[in-house]
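Colleague: this one's sequence-less:
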C-alpha cells in the first residue's frame, strides 16, 4: 500500500472499505460492473433491408389506428425499418422457441433498436402468440392493460409489425412501437 493507516484513528470497518475502493480504482472499476453497465455492439452496425407491410400486417395497423382514433390519438405510421426489425425479432423467437421480450441474440427491443441504429425517444413491444387472425390478436392485446397502453400511447408515432405463421392456423405477431 502507498500509505499506512493509523489503527488508532481508523475504524476496523473503514480499512476493508478503503482497500476495496483502492482496488476498484486501480483495476479501472470491475470488469463485472462494466459488463452489466455497458453493452458492447459489433464494430460495424448490422443492416436491415426495409420491408413493407403484408396485407395481414396492414390489417393489424388499421385496427390499431381505429382504436387510437376512438381516443383522439393520431394514427401510427408504418416504418419499413421497424417492420424489418419486428420480423427479425419474430424469426428469432420462433427459431429459439422462446416468445419473450429478451432474446439471446437481439436482446431487448431497446437493445435491438440501438444495435440497428434506429432512432427513438420512447419504445415498446407487444407480442401476441396463437391468434388466428389480426382481429383476434387485436382483441387479445386490447384486453391486456399493458398491451393496450402501448397501442394507445400518445408519444408513439411509428410502428413496425410482423406476423409469422406458427402452424395450426395460429400466428405470432410482433408490434414494435417508437416515438421520435
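Modeller: That came in fine, so what should we check first? If you're wondering where the values come from, they're calculated on a predicted model, not measured in any experiment. Residues are numbered from 1 along each chain as shown.
Colleague: Poorly predicted segments of the protein, please.
Modeller: Low-confidence segments of the chain (pLDDT under 70): 1-44.
Colleague: Strands along that one, start to end?
Modeller: Under the criterion DSSP state E, strands of the chain are mapped to 77-78, 122-129, 158-167, 170-179.
Colleague: Can you tell me which of those is packed in deepest?
Modeller: Comparing these by mean neighbour count (mean count of other C-beta atoms under 10 Å), strand 170-179 comes out on top with a mean of 23. All C-beta atoms are positioned from the backbone trio N, CA, C, and that covers glycine.
Colleague: ok so, going back, now the strands of the chain as TSV including distance to residue 151?
Modeller: Below are the strands of the chain laid out as TSV (distance: least, C-beta to C-beta, whole Å):
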stretch	distance to residue 151
strand 77-78	14
strand 122-129	7
strand 158-167	9
strand 170-179	8
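Colleague: For residue 109, find the nearest of these.
Modeller: Among the strands of the chain, strand 122-129 comes nearest to residue 109, with 4.1 Å by C-beta to C-beta.
Colleague: just how off-centre is the closest one within its chain?
Modeller: Taking the mean of its C-alpha atoms, strand 122-129 sits 8 Å from the chain's own mean (C-alpha atoms, centre = their mean, to the nearest Å).
Colleague: Stretch 121-130 now?
Modeller: Using C-alpha atoms, centre = their mean, the offset of stretch 121-130 from its chain centre is 8 Å.
Colleague: can you list contacts of it?
Modeller: 89, 93, 99-101, 109-110, 113, 137, 140-141, 147, 150-151, 153, 155-156, 166, 170-180 (C-beta atoms under 8 Å, 6 or more residues apart in numbering).
Colleague: Name the nearest residue to the residue positioned nearest the centre of the chain, sequence neighbours excluded.
Modeller: Among the residues of the chain, the one closest to the centroid is residue 109, at 1.5 Å (C-alpha atoms, centre = their mean). Leaving aside its sequence neighbours, residue 109 sits nearest to residue 125 (C-beta to C-beta, 6 or more residues apart in numbering; 4.1 Å).
Colleague: repeat for residue 103
Modeller: Closest to residue 103 by C-beta to C-beta, 6+ apart is residue 92, at 5.0 Å.
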